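Enquirer: Here is a sequence with its predicted model. Questions after.
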Amino acid sequence: MIIILVSLLFAALLGAILALVIGVAAKAFAVESDPRIETVTDMLPGANCGGCGYAGCADFAKAIVEGAVPPNDCPVASAEDAVRVADYLGITAEEKEKMIAVVKCSGGISDTVRSPYNGVEDCRSAVLVAGGSKGCDYGCIGFASCARACPFDAIEIRDGLAVVHPDLCVGCGKCVDVCPKDLIVLTPAAVDVHVYCNSPEKGAAKRKVCKTACIGCRKCVKAADSEDQMLIDGFLIATNYDNPPLPDLVEKAACPTTALRLATQHAAGESEGVSK
Amino acid sequence: MSNKPRKFKGGVHPNDSKALSASSPVQDAPLLDKYRVIVHQNIGAPPEVLVKKGDEVKKGSLLAKASGFVSAPLHAPTSGTVTAIDKCDGPTGIRVAAIEITADGEDEWGSPFEPIADWQNADAADLKQRVSDAGVVGMGGAGFPSHVKLSPPPAKPIDTLILNGAECEPYLTADHRLMLEQAEEVVAGAAIFARILGLKSAVIGVENNKPDAIEALKKVAAKTNVTVQGLAVNYPQGAEKQLIYALTGREVPIGGLPMDVGCVVQNVASAVAVNDAVVKGHPSIERITTVTGEPLVNPGNWRFRLGTPISKAIELAGGVKYQPAKLLLGGPMMGFAQNSLDVTVMKNTSGILLIPAEQVSQYTSDPCIRCGKCVSCCPMGILPATISQAVENERFDMAAQLNVLACIECGSCSYICPSHRPLNQHFKRAKSEIMAARKKEPKK
Amino acid sequence: MSEETTPAIQMPDATQLVISNSPHIRGGETISKIMVHVLVALAPAVAAALWFFGLAALQVMVLCTVGCVAVEEIWNKCAKRAPTWKDGSAALTGLLLAMNLSAGAPWWICILGALLAIGLGKQIFGGLGFNPFNPALVARVALLIGFPSLMTSWVVPQAGKFMACDVLTGATPLGASGEAVATINNLFMGNVGGCLGETSALALIIGGVYLLIKKLIKWQVPVAFIGTVAIISGVVHYFNPDMTPDSLYHILAGGLLIGAFFMATDMVTSPMTANGALIFGFGCGLITSVIRIWGGYPEGVSFSILFMNALTPLIDRSTIGKPFGYIRVKKESE
């Protein structure tokens, strides 16, 4: 009986002493940190995606508190979140435009000329072999390097083509860095009309290797409400993101190769099958 | 340098498959109607195109001039008219600029320079300028402008000139036939190189599987200061670093060049091209290429003009008996797989190979079983198995620590791997990522 | 009636040409071929085990081999991976496991061994190529520690009596006392008690030589392993003959031969460099000798191999040396 009591007492005493030591150490060796940083970290989405350019949400919070960056630099946070953080810190938050990624290629396996490929099934590795197995040197290889890099699972590989789902994309930019063809661009989320082609080659040459390439026929340029809504670069047309066209342009222009698409329709798989 | 050559560590012994074309004498390819000459045929900057559509050219006239020191000019393969300057399928799979010449059938010479009659007493600088003007590049496959190799900085004195006649790649016999049939020109080319470098002698390294070529060269070289050295048959004997080690015992430092150990290495075909430029006054407009492979009806060796489409080459070889699995430019160990028959012959096209399905590599994503075969065959002494695992996990820092930058991409490890892992491709990826990361760093 | 038309020249179809990175030809070696060679090398030892232990041995071998393949495929199915039995590695592990068990091992020990070998020793790490430890040895050691008396009771060999079903237990050559209880001739031919793979030295040496000729194993491992055991046991026996039998006895008895030729040379778990293999063999020999002579267990081969397996990655990194053309530390003049 006595032994049990003695053991209990001893254990309790040991515990108390150690607790005291830890408590004192916590106070004596405490690192000075602004308590606001922790609160701001909690207010942030906590995805740790690195889209802000910092090493995780805690690092970003520290930068906000220090005043180095505005809170809406976080691409994942909604406008309300940014306003909450700004109010808490007593600063003003500007409106930042939401950006989403667009893979500027519409050439899936069924639309393009490809060679059989044997090797590492990764875009950054495949591009080192003859620029990828596609007939077009500028198009999407389709081995999912971007899909794997996306922390939000916003990219789907459909028929060997990477497709971004605009509703899931937050614009962190990780896919942009990974694509070896520099095919992915960040565009304003409000703009839905894009030209899904990246090749500057001559129209006829493009058509030989891809059914959905932009052949530079300029029907969309002419059908747009104003001259400069669609930019011309040789045989490649692109949306002018500073003065974008309205979504009805896709129907009005009747692009002969379906290179001109709405991002929402493209993601839903409703844009195929119009090419002659 | 006639002592016994050293054996470098590692290497593999693929079937040499040279019997298909080794005894076929070189045939001159017939004149074509059109030649599509690719503009960028050298390592370094592409030459600046001078001609425009509609221009009349003669055989050997200047099409594009060198655009800097590490660049080489381009000359017309025949007389005719420039009918297009456009993009065509290139040898690395990417479309490249090319000049199309429609031949007039006369094949009239119009070389921009004259033969140098007394080259044995000519100024070394003049000879080097001729090499540069003629557009001679490394014809073993690399395509490095030869005059750059012949211009080492004063801080790197050269004491050894080596001619590379190893031709260690299976299937290829172009250099073999060249050494056999044009031994005098090879030795004369060596002497010209030696004069440019201010050296009194040179050595030609040839693998022992070409005894007739060694004999032929030795006969001619007997009266000169050029020696011929037989080398062990071990791939990659013809790789610059391994060749230098075998002949001199010196190790070229990682990231360094042969000049760092006092050597200059030139291919035997480049030597003949230099001889043509100096003695005959001809620029570099043609080369010997081996067109071979089991699927072909009549494999052999042809002298093609630059700009000859592969389809024509295959036609000359009688076409195919059955569909090949792969079409390669270069050798099977380091060559480039093609998916277009419209690519044309360039200065560094040593071989056009058709590989049958039974022999072709089939890479898998099977795991590494750590058998160690790659380690024992690597001529650079690195750990291919561990590096490839690091690359699969995207750990390029680890790959750099494991010395992936020392890799010469000879392909020995991938050849021997029982799991058929794409090791060479992993290393290419690692090198590309490491170099890209290094480029970014200075900007930080 | 000869045809006058010249045969048309057939051109290759460019759309069917495969592109890949170089090299474009392959060496011809495959994993299954390697496994087949190892199985062939094991055949003499398997035959010897069947000769001396009969039906009981056959039962153990079949249960272990089939069990291992089954565990691997069930695991693959549950993990939604492609089947891997075709490469032969699970079957080989099963056979090696069987060679590490006594002929009297009950059926459930065989099944449990298969589960431990493939499940715990291999698949849990990611399958072939990812395991740090030799799977058959993981199972053997786990069983040894879990069922010590069952795993150390050996069957008396009954040469030629294939149909003998009654299992008589007896002692092994490497008893705890340190004295030589078997004759050299018996050890060599295999007429001794012990695991299925521990008996016929002759059969094992034939298999080992086959592996060396086919260049499937690095000679440095068995030479260093057996050599070290021979030297250490020889020296100890010279100074204290009662402590342990002589070198030849040590080499022929117990699991040293099967360990040195078949277990320590397992590609996945042993070093890839030549010098590394020497160090590996030496380490195994050292630990085996220490355990046999001074340690509590009569046999130390399994423990020593597992221990050195853990050191393999470190050995590889330390013994690769500098690559060709490595720039030594520059002097002040640079």
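Expert: Looks like it came in fine. Please read these numbers as outputs of a predicted model, since none were measured by experiment. Residues are numbered from 1 along each chain as shown, chains lettered A, B, ... in the order given.
Enquirer: C-alpha only now, for contacts and for neighbours.
Expert: Fine.
Enquirer: Point out where the chain drops to low pLDDT.
Expert: You didn't pick a chain, so chain A it is. Confidence mapping of chain A against pLDDT under 70 gives the ranges A:272-276.
Enquirer: that's the wrong chain, I wanted chain C
Expert: Scanning chain C for pLDDT under 70 picks out C:1-7, C:160-172, C:175-182, C:190, C:328-334.
Enquirer: Get me the contact residues on it for chain B.
Expert: Within chain C, the positions near chain B by CA under 8 Å from any CA of the partner chain are C:9-31, C:128-130, C:267-269, C:271-273, C:320-327.
Enquirer: Now go through the residues you listed and say which are in helices.
Expert: Of the residues of chain C next to chain B, the ones assigned to helices by DSSP state H are C:Ile31.
Enquirer: how distant is stretch B:71-80 from the center of its chain?
Expert: Relative to its parent chain, stretch B:71-80 has a centroid offset of 19 Å by CA atoms, centre = their mean, to the nearest Å.
Enquirer: After the helix or strand containing A:Phe10, heading C-terminal, what element do we hit next?
Expert: Secondary structure from DSSP states H and E places A:Phe10 in helix A:2-28. On the C-terminal side of helix A:2-28, the nearest following helix or strand under DSSP H and E is helix A:35-43.
Enquirer: got the CA positions of that next one in PDB?
Expert: Taking Å, rounded to 0.1, in the frame of the first residue of the first chain, the C-alpha atoms of helix A:35-43 are listed here in PDB:
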ATOM      1  CA  PRO A  35       0.400  38.200 -31.900                       C
ATOM      2  CA  ARG A  36      -1.400  39.600 -34.900                       C
ATOM      3  CA  ILE A  37       0.500  37.300 -37.200                       C
ATOM      4  CA  GLU A  38      -1.200  34.200 -35.700                       C
ATOM      5  CA  THR A  39      -4.600  35.700 -36.000                       C
ATOM      6  CA  VAL A  40      -4.100  36.800 -39.600                       C
ATOM      7  CA  THR A  41      -2.800  33.300 -40.400                       C
ATOM      8  CA  ASP A  42      -6.000  31.800 -39.100                       C
ATOM      9  CA  MET A  43      -8.000  34.300 -41.200                       C
END
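Enquirer: For that helix, buried residues please.
Expert: Of the residues in helix A:35-43, A:37, A:40-41, A:43 count as buried by neighbour count, 16 or more other CA atoms under 10 Å in any protein chain shown.
Enquirer: For chain A, which segments are assigned as strands?
Expert: Ranges of strands in chain A, per DSSP state E, are A:99-103, A:117-118, A:155-158, A:161-164, A:184-188, A:193-195, A:230-233, A:236-239, A:260-262.
Enquirer: Those strands into JSON lines, with extra columns for distance to B:Asp107?
Expert: Shown next, in JSON lines, are these (distance: least, CA to CA, whole Å):
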{"stretch": "strand A:99-103", "distance to B:Asp107": "50"}
{"stretch": "strand A:117-118", "distance to B:Asp107": "41"}
{"stretch": "strand A:155-158", "distance to B:Asp107": "53"}
{"stretch": "strand A:161-164", "distance to B:Asp107": "49"}
{"stretch": "strand A:184-188", "distance to B:Asp107": "50"}
{"stretch": "strand A:193-195", "distance to B:Asp107": "48"}
{"stretch": "strand A:230-233", "distance to B:Asp107": "41"}
{"stretch": "strand A:236-239", "distance to B:Asp107": "41"}
{"stretch": "strand A:260-262", "distance to B:Asp107": "50"}
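Enquirer: need these in CSV with mean neighbour count and distance to B:Pro145, can you?
Expert: As requested, the strands of chain A are exported to CSV (neighbours: other CA atoms under 10 Å in any protein chain shown; distance: least, CA to CA, whole Å):
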stretch, mean neighbour count, distance to B:Pro145
strand A:99-103, 25, 39
strand A:117-118, 18, 32
strand A:155-158, 18, 43
strand A:161-164, 26, 40
strand A:184-188, 18, 37
strand A:193-195, 25, 42
strand A:230-233, 16, 35
strand A:236-239, 23, 36
strand A:260-262, 25, 45
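Enquirer: Skipping its backbone neighbours, what lies nearest the residue of chain B found nearest chain A in space?
Expert: Chain A sits closest to B:Gly93 of chain B, with a gap of 4.0 Å, by CA to the nearest CA. Spatial nearest neighbour of B:Gly93, chain neighbours left out: A:Ala130 (4.0 Å); criterion: CA to CA, 6 or more residues apart in numbering or on different chains.
Enquirer: so what's that neighbour up against?
Expert: Listed by CA atoms under 8 Å, 6 or more residues apart in numbering or on different chains, the contact set of A:Ala130 reads B:92-94, B:336-338, C:19.
Enquirer: what do you get if the cut-off is 7 Å, keeping everything else the same?
Expert: A:Ala130 is in contact with B:92-94, counting by CA atoms under 7 Å, 6 or more residues apart in numbering or on different chains.
Enquirer: Let me see the ranges of the helices in chain B.
Expert: Using DSSP H, helices in chain B cover B:124-133, B:146-149, B:174-181, B:183-197, B:211-221, B:240-248, B:268-275, B:310-316, B:373-377, B:384-392, B:396-401, B:412-416, B:423-440.
Enquirer: Name whatever forms a beta bridge with B:Val49.
Expert: B:Ala64 (DSSP bridges).
Enquirer: check contacts around it.
Expert: When contacts are counted by CA under 7 Å, 6+ apart, B:Val49 touches B:63-65.
Enquirer: Show the buried residues in the contacts of A:Ala130.
Expert: B:92-94.
Enquirer: about what we covered before: just the buried residues of helix A:35-43 that are near chain C?
Expert: Residues of the buried residues of helix A:35-43 in contact with chain C (CA under 7 Å from any CA of the partner chain): none.
Enquirer: what's the closest of these to C:Ala49?
Expert: Relative to C:Ala49, the closest of the buried residues of helix A:35-43 is A:Thr41; by CA to CA it sits at 67.7 Å.
Enquirer: That closest one contacts A:Lys62, correct?
Expert: No: under the criterion of CA atoms under 7 Å, A:Thr41 is not in contact with A:Lys62, lying 8.3 Å apart.
Enquirer: where along the chain do the helices fall?
Expert: Just going to use chain A. For chain A, helices defined by DSSP H occupy the ranges A:2-28, A:35-43, A:57-65, A:79-89, A:123-126, A:145-149, A:174-178, A:203-209, A:219-223, A:249-253, A:263-268.
Enquirer: wait, I meant chain C there
Expert: With helices called from DSSP H, chain C shows them at C:31-78, C:89-99, C:107-114, C:135-146, C:148-151, C:184-189, C:201-213, C:220-239, C:247-252, C:256-258, C:274-294, C:301-319.
Enquirer: looking at the ones you listed, which is buried most?
Expert: Most buried of these by mean neighbour count (mean count of other CA atoms under 10 Å in any protein chain shown) is helix C:256-258; its value is a mean of 28.
Enquirer: what's in contact with that one?
Expert: Counting contacts by CA under 7 Å, 6+ apart, the residues outside helix C:256-258 that touch it are C:197-198, C:201, C:204, C:251, C:301.
Enquirer: Rebuild the helices of chain B as JSON lines, extending it with mean neighbour count, distance to chain A and mean pLDDT.
Expert: As requested, those are exported to JSON lines (neighbours: other CA atoms under 10 Å in any protein chain shown; distance: least, CA to the nearest CA, whole Å; pLDDT from 0 to 100):
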{"stretch": "helix B:124-133", "mean neighbour count": "20", "distance to chain A": "30", "mean pLDDT": "94"}
{"stretch": "helix B:146-149", "mean neighbour count": "22", "distance to chain A": "26", "mean pLDDT": "94"}
{"stretch": "helix B:174-181", "mean neighbour count": "24", "distance to chain A": "25", "mean pLDDT": "95"}
{"stretch": "helix B:183-197", "mean neighbour count": "24", "distance to chain A": "34", "mean pLDDT": "95"}
{"stretch": "helix B:211-221", "mean neighbour count": "18", "distance to chain A": "35", "mean pLDDT": "95"}
{"stretch": "helix B:240-248", "mean neighbour count": "23", "distance to chain A": "23", "mean pLDDT": "95"}
{"stretch": "helix B:268-275", "mean neighbour count": "28", "distance to chain A": "26", "mean pLDDT": "96"}
{"stretch": "helix B:310-316", "mean neighbour count": "19", "distance to chain A": "17", "mean pLDDT": "95"}
{"stretch": "helix B:373-377", "mean neighbour count": "22", "distance to chain A": "18", "mean pLDDT": "93"}
{"stretch": "helix B:384-392", "mean neighbour count": "21", "distance to chain A": "9", "mean pLDDT": "95"}
{"stretch": "helix B:396-401", "mean neighbour count": "18", "distance to chain A": "13", "mean pLDDT": "94"}
{"stretch": "helix B:412-416", "mean neighbour count": "28", "distance to chain A": "11", "mean pLDDT": "95"}
{"stretch": "helix B:423-440", "mean neighbour count": "19", "distance to chain A": "5", "mean pLDDT": "94"}
